[in-house]
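Novice: predicted structure and sequence below. I'll ask about it afterward.
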Amino acid sequence: MPRRPSGRRRLSKCQPLAFSPFIRFLTFASTARRKLPLPDMSFDAKFPTLSNKGKEKQLLESSDEEDSQGEVQADFEFFDPKATDFHGVKILLQNYLDDKEWDLSGFVDLILDQTTVGTVVKVADDEDDALFALVTALNLARYKDNKCVRELKEFLLKVCSEKNVASDLELLVEKKAKDVGLLVSQRVMNLPPQLLPPLYDGLFDEVSWATEDKPTEQLRGSFRFKSYILITKIYKLKHPKQMKPCRGEEENEETIFLKPEDEIFLELSSWSFTFPIHSQLVTSQELKNYQLTGLVMVMEAQKIPEFRQKLKSLIDEQ
């Protein structure tokens, strides 16, 4: 399998796609704000004139602010993580563990130190070097002595209230931790869906290469994951049995996935659980009947080829 060069990786251009209006509203911003002219991999996004920190925060919180000024044409590129990405990664992960106070800075450092496995997405030739997405996989046992990983495991064990999976979770993050990859995937809401297949393909290819290319057997073994654990967020219908649609209205979906690939992960997962979320994303009238909810999923590594195929099919069908 050919290795990719480190550093900058320009994304191949592909045809723009669109999900259903409701999903597109939630995940990729409205069609009025996201125009993808053929054949360029670009879109029009309206941002106010902000500092680097302000721009990243604005992008993360919402792409639908009505007071935005001006438009920016964007061509996305993939990069290896580097030290100067610290602030951008921290912004993307600011609500990763809900509102828990934990060693987020230490967690970001782990991600940035692992340069051979992991990708950040930026706009080509952007002076501000703002981050739009991050994907990586961290071995839970390799970093077990780091404060941030200890706190992350404590958080998961605390929020898991489902007795039928609590013992499986504890076994996974403790005794089986050497075989577990924490799959971290965070991004702004209006990232074009065409980026998803190459983004995940790149991650899983890098994991595979690391099992052969790392200088020591210990490091090579740390990427031989048998399973992945994912922490994400979804919207759940507050009162599904009571929410009967009026005449002429469509039935409300019980679950809204903020990231379309999470539906595939859930479908392929060995087990999962949900937990209440206290921090909130920007909401709208369309979401008044929904509750933001945490979702933890565990998927066997042998399911990765199927996940990659399903993700490509999902994007191709849109």
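Specialist: Sure, I can see it. Because the structure is predicted, anything quoted here is derived from the model rather than measured.

Novice: T84: neighbour count?
Specialist: When neighbours are counted by other CB atoms under 10 Å, T84 registers 9. Bear in mind the C-beta positions are built from the backbone N, C-alpha and C, glycine included.

Novice: ok, which stretches of the stretch 101-250 of the chain are helices?
Specialist: Remark: helices assigned in the stretch 101-250 of the chain by DSSP state H, counting those that start in this stretch are 104-113, 147-159, 163-173, 196-213, 217-221.

Novice: OK, contacts around Y200?
Specialist: Going by CB atoms under 8 Å, 6 or more residues apart in numbering, Y200 touches 135, 261, 307-308, 311.

Novice: among those, name the ones in helices.
Specialist: 261, 307-308, 311 (DSSP state H).

Novice: among the helices of the stretch 101-250 of the chain, which comes closest to D75?
Specialist: helix 196-213 (14.0 Å; CB to CB).

Novice: list the buried residues for that closest one?
Specialist: 196-200, 202-207, 209-210 (16 or more other CB atoms under 10 Å).

Novice: pLDDT and distance to S284 added to these, as a markdown table?
Specialist: As requested, the buried residues of helix 196-213 are exported to a markdown table (pLDDT from 0 to 100; distance: CB to CB, whole Å):
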| residue | pLDDT | distance to S284 |
| --- | --- | --- |
| L196 | 96 | 23 |
| P197 | 97 | 28 |
| P198 | 96 | 30 |
| L199 | 97 | 27 |
| Y200 | 98 | 28 |
| G202 | 96 | 33 |
| L203 | 98 | 31 |
| F204 | 98 | 34 |
| D205 | 97 | 37 |
| E206 | 97 | 37 |
| V207 | 98 | 37 |
| W209 | 97 | 42 |
| A210 | 97 | 41 |
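
Novice: make a markdown table from the residues you listed and add distance to E217 to it.
Specialist: Shown next, in a markdown table, are the buried residues of helix 196-213 (distance: CB to CB, whole Å):
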| residue | distance to E217 |
| --- | --- |
| L196 | 33 |
| P197 | 32 |
| P198 | 30 |
| L199 | 29 |
| Y200 | 27 |
| G202 | 25 |
| L203 | 22 |
| F204 | 21 |
| D205 | 21 |
| E206 | 18 |
| V207 | 16 |
| W209 | 15 |
| A210 | 12 |
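
Novice: out of the residues you listed, flag the one nearest to T293.
Specialist: Of those, the one sitting nearest to T293 (CB to CB) turns out to be L196, at 21.9 Å.

Novice: OK, contacts around that closest one?
Specialist: 260-261, 311, 315.

Novice: the same query, at a cut-off of 7 Å, please.
Specialist: 261, 311, 315 (CB atoms under 7 Å, 6 or more residues apart in numbering).

Novice: what does P276 give?
Specialist: By CB under 7 Å, 6+ apart, the neighbours of P276 are T293.

Novice: repeat that for 6 Å
Specialist: P276 is in contact with no residue at all, counting by CB atoms under 6 Å, 6 or more residues apart in numbering.

Novice: check A166 too.
Specialist: Contacts of A166 by CB under 6 Å, 6+ apart are C160.

Novice: identify each buried residue in stretch 120-137, please.
Specialist: Quick answer for stretch 120-137 (16+ other CB under 10 Å): 120-123, 126, 129-137.

Novice: now stretch 259-269
Specialist: 259-266, 268-269.

Novice: what's the answer for stretch 163-183, then?
Specialist: 165, 168-169, 172-173, 177, 179-183.
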